[in-house]
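Asker: Generate a structure from the sequence data that follows.
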Amino acid sequence: MMQEAIEKARVLIEAHEYIRQFENKVIVVKVGGSIMDDPNRLTALLRDVCFLDAVNIRPVLVHGGGKSISQAMAAEGLEAQFVQGRRYTDERTLTIAEHVLVNEVNKFIVDTINQFEHKAMGLHSLASCVIFGKRLYLKGEEGRKIDVGYVGEVETVNTELLKAMVESDYIPVIAPIARDRSGGKLNVNADSAAGEVAAALKAEKLVLVSDTHGIRTGATDDTLASHLTKSQIEKLVDGGVISEGMLPKVEACFTSLAAGVHKTHIIDGRIPHSLLLEIFSAAGIGTEIVMD
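Answerer: Below is the predicted model of the structure:
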């Protein structure tokens, strides 16, 4: 019993150094993957986000909801299609995506944080939208453009509103549906949206919480990398080691790093307290990505 108490004290002492280092700093957390389908795991993660808020770190949340969108599409007789990690989005798909992301996922996150007696506010296309974009065309072979429908890339972020919220001790919760210049709506990859938000805010960190331990440099578990640079990742992309759904994640990291974000992380949300372990311990738990 005494040894357990001593270990808890040791953990608190280690965390104290990082709490002081990141006090009043913005950390953008993107939540996605299978954790979104498990209310207990998602609730546990949100409790950890509230811990950040309690020690005067400024979390900004961006969430996905891809699997819930696919399930809602299937219920309507639609099959999800992906191109280079992006969901092909026609008008029906966009309507379903907006409903799931805003009225289900975003609402659950905001309500849960408020139940923990912290202040959260949903920012999305049906209320106060903070991400604005244009249609995204992917690059195909020989320079041709690939049209993926109502899919967007972020052009601007309303940083004034976000900064005002975090300075007022609110936790912004952003759903990745952007507005375009004509008032239309665009489905944005949540990883990409988080990268742009972190870049616009010049956040201290960007943490992508998903259902992967991080980046592996090979096919086996023992190739998990705890630290990689941008050039090392580019080699892994060129070699086909990093592909499909991981591509938007590393691109989001590159976007934020180029804007001055100090460190980015890809961690596994299925591991209890993975967010706190990555931020408040020297060893970390996922893959840390930095500039060369």
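
Asker: List the buried residues for the strand ranked longest in the chain?
Answerer: Using DSSP state E to define each element, the chain has its longest strand at strand 145-157. Burial within strand 145-157, assessed by neighbour count using 16 or more other CB atoms under 10 Å, is assigned to 148-154, 157. Every C-beta, even on glycine, is put in place using the N, C-alpha and C of the backbone.

Asker: try stretch 163-170
Answerer: 163, 165-166, 170.

Asker: In strands only, show me those.
Answerer: If you go by DSSP E, the buried residues of stretch 163-170 have Y170 in strands.

Asker: So which of the buried residues of stretch 163-170 is the closest to E278?
Answerer: Checking the buried residues of stretch 163-170 against E278 with CB to CB, the nearest one is V166 at 20.3 Å.

Asker: My read is that the closest one contacts P172, right?
Answerer: Yes: V166 lies in contact with P172 (CB atoms under 8 Å); the separation is 6.9 Å.

Asker: Just say helix, strand or coil for V102.
Answerer: Judged by DSSP: H, G, I helix; E, B strand; the rest coil, the three-state class of V102 is helix.

Asker: That one: neighbour count?
Answerer: 18 (other CB atoms under 10 Å).

Asker: Equivalent analysis for the one 5 residues further on, please.
Answerer: One way to gauge burial is a neighbour count; for K107, by other CB under 10 Å, it gives 15.

Asker: again with A127
Answerer: 11.

Asker: Excluding sequence neighbours, find me the nearest residue to H273.
Answerer: D48 (5.9 Å; CB to CB, 6 or more residues apart in numbering).

Asker: The one you found contacts I271, doesn't it?
Answerer: No: the pair D48 and I271 does not pass the contact test of CB under 8 Å, sitting 11.3 Å apart.

Asker: Between these two, point out the one with more neighbours.
Answerer: Using other CB under 10 Å, the more surrounded residue of D48 and I271 is D48, with 19 against 16.

Asker: what's that one in contact with, if anything?
Answerer: Applying CB atoms under 8 Å, 6 or more residues apart in numbering to D48 gives the contacts 273, 275-276.

Asker: Format those residues as CSV; extra columns: neighbour count and secondary structure.
Answerer: Converted to CSV, those look like this (neighbours: other CB atoms under 10 Å; DSSP: H, G, I helix; E, B strand; the rest coil):
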residue, neighbour count, secondary structure
H273, 15, coil
L275, 28, helix
L276, 19, helix
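
Asker: Compile these into CSV and extend it with columns for pLDDT.
Answerer: As requested, the contacts of D48 are arranged in CSV below (pLDDT from 0 to 100):
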residue, pLDDT
H273, 92
L275, 94
L276, 93
